[in-house]
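> Sequence first, then the predicted structure, then my questions.
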Amino acid sequence: MNIKKIFGGMRGSNDPKYRTAKPFEMILAPAASASKMTFFVMMMMTGYVANTGFGVAVMITGILATVKTWFDGAIDPLLALIYDKTKVGKFGKIRLFLMLGYLIQAIAAILMFNVLSGKFTGVAGVVVYIILYFLFVLGYSVTSIAGGTSIGVILTNDPKQRPFMQFIQMLYQYIGPIGVSNIINLIVLPRYNNQIDATMLSEACFWYCGYALFFTVLSFIGLKNVDTPEVFGKLMSNDKGEQNSIKVKDMFAMVKKNKPLRCYMIAGITDKLANNTNGQAVVTTLLNGILIGSYQVANTVNNASTFIGFIFAFAGGVYLAKWGVKKATTLMSWLCIAINGVVAVSCLILGPTGMALIGAGGFVMYLYMALMMGKSAATMCLNIAESMMRADVIDYELYRSGNFMPGMVGAIYSFTEQIVSSFGSTIAAVAVAAIGYTKVMPQLGDEATWSILWIVELLVFGLPILGWLANIIAMHFYELDKERMVEIQSEIAERKKIAKASAAK
């Protein structure tokens, strides 16, 4: 492992045609991803609060989540248009939308998990839950459009820095769920006899909101020097040195003419559907609470595998910069398929009652942990490549049309992703209902059966493999390899010189 190359990537290539970021900016600015993912994990718990706090049936909860996410996805283009048209003011633009998104989510969460929980039942309970859920996902969309799309693109376009920029952003995406999951599983749940009920969720809500606020503040500090009119102006000016006016028709033109965008959407959205499905609380309960039989052991395995994954992903940044997005995505997808297949077969060999050996510790647990470490490392490298892909697609659109539209790219992706991945909650709800959980949610201590194991095999192992196969197919048609991106960045830099000279006249 060449440490100089790894840290050299953080310093950048010292090429004047690239925009480079300072180390502290790369470390702090992406922290908004941890805040967003903290609320994402919290959103996975809304099925429980709907059932215990508002009297909504399990099946209805899954269907409502899907329908409301469709509606939310429909407003993403409008939010993106507002975002791209918003001028960068005294308090920036990214920071303004990040704080707005946080406040909306925090208010909705406190109302849902605390203030109004247990106050409504029947039709009234369903109506109140729908309103609060809509408010929650609205705030999540605002945060995603600002933090999920713009930060990395604004900070740097240096091909040596981008893998590390995306690594740090991905690091936060894991720190958010892992950190808050440790708090909930190790501190909150034991105080409530490991039962997920209304009282437990009420306390958990404040942990989620406080944890997310901490990372939002960190992001504000890192964005201070780049969330400015000067930095945005360099990207948004045309050949005449003027800011382009983004219109709705530009969005449709981008979908029609930007082929790399469509490939990116296929690759990312299929993975999100799988992640959203197997990340549902009911599914993780089937795996960790019933089959493995210990949230604490499952948490330990997850922590260890994620830590090792970070190490390999950090080192892998050198090779991601060397290979480029297209090649890296293809290779990492094949590796993920191989490892996930081995884990799936191992669980079948153990059987539903045998998987309790994982929770008991010893050789079986360490073998399972080793496999999960390999899966985590490969998945993290793949996530970095996919994040780099979005940044490349945004730069390609700037090259193709002259429009800098990170909000629109994020909205188009988010709109389609939310519609498709929203089926995750429905798939999970239908799956658990098919094995008997129609009126109550799965809980630790329920009997481990073959039907539960097959549902876990299908949702936790099978669905992600289909997503990775879609990645491989999409990359066959993706043109933005390493060499092509060098050409595009050189052309953009040349256009900016012309724009600057024109503006100075």
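That came through fine.
> what's the helix or strand for residue 303?
helix 295-323 (DSSP states H and E).
> Can you list the buried residues in that helix?
Of the residues in helix 295-323, 295, 297-302, 304-306, 308-310, 312-318, 320-321, 323 count as buried by neighbour count, 16 or more other Cβ atoms under 10 Å. All C-beta atoms are positioned from the backbone trio N, CA, C, and that covers glycine.
> now for it, which elements pack on it?
Secondary-structure packing of helix 295-323 (3 or more Cβ pairs under 8 Å, 6 or more residues apart in numbering; DSSP states H and E): helix 3-11, helix 162-183, helix 325-354, helix 356-360, helix 363-401.
> Among these, which comes closest to residue 224?
helix 162-183 (17.0 Å; Cβ to Cβ).
> Could I get the helices and strands packed on helix 295-323 in JSON lines, plus columns for distance to residue 189?
Formatted as JSON lines, the helices and strands packed on helix 295-323 follow (distance: least, Cβ to Cβ, whole Å):
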{"stretch": "helix 3-11", "distance to residue 189": "38"}
{"stretch": "helix 162-183", "distance to residue 189": "10"}
{"stretch": "helix 325-354", "distance to residue 189": "23"}
{"stretch": "helix 356-360", "distance to residue 189": "15"}
{"stretch": "helix 363-401", "distance to residue 189": "20"}
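> Mind checking these for the one nearest to residue 278?
helix 325-354 (10.8 Å).
> Help me confirm that residue 162 comes into contact with residue 324.
No. If you go by Cβ atoms under 8 Å, residue 162 and residue 324 don't touch, sitting 10.6 Å apart.
> Please identify which of those two sits among more neighbours.
residue 162 (29 against 21; other Cβ atoms under 10 Å).
> Not counting sequence-adjacent ones, nearest residue to that one?
residue 388 (5.3 Å; Cβ to Cβ, 6 or more residues apart in numbering).
> Likewise for residue 320?
In space, residue 320 is closest to residue 163, 4.2 Å off (Cβ to Cβ, 6+ apart).
> if I read this right, that neighbour contacts residue 384, doesn't it?
Yes. At 6.1 Å, residue 163 counts as touching residue 384 under the criterion of Cβ under 8 Å.
> what about the helices in the stretch 51-200 of the chain?
Assigned by DSSP state H, counting those that start in this stretch, the stretch 51-200 of the chain shows helices spanning 58-85, 94-110, 122-143, 150-155, 162-183, 189-191, 198-223.
> Please identify the deepest-packed of those.
helix 150-155 (a mean of 26; mean count of other Cβ atoms under 10 Å).
> What is the host helix or strand of residue 43 packed up against?
Using DSSP H and E, residue 43 maps to helix 32-44. Counting contacts by 3+ Cβ pairs under 8 Å, 6+ apart, helix 32-44 packs against helix 94-110, helix 122-143, helix 162-183, helix 198-223.
> roughly how far out does it sit from the chain middle?
Here helix 32-44 is found 8 Å from its chain centre; the criterion is Cα atoms, centre = their mean, to the nearest Å.
> what angle separates that helix from helix 363-401?
120 degrees (axes from the mean of the first three to the mean of the last three Cα atoms, to 10 degrees).
> got the angle for helix 32-44 vs helix 198-223?
160 degrees.
> contact partners of helix 32-44?
Helix 32-44 is contacted by residues 98, 101-102, 105, 109, 136-137, 139-140, 143-144, 146-148, 151, 169-170, 172-177, 179-181, 204-205, 208, 211-216, 219, 279-281 when judged by Cβ atoms under 8 Å, 6 or more residues apart in numbering.
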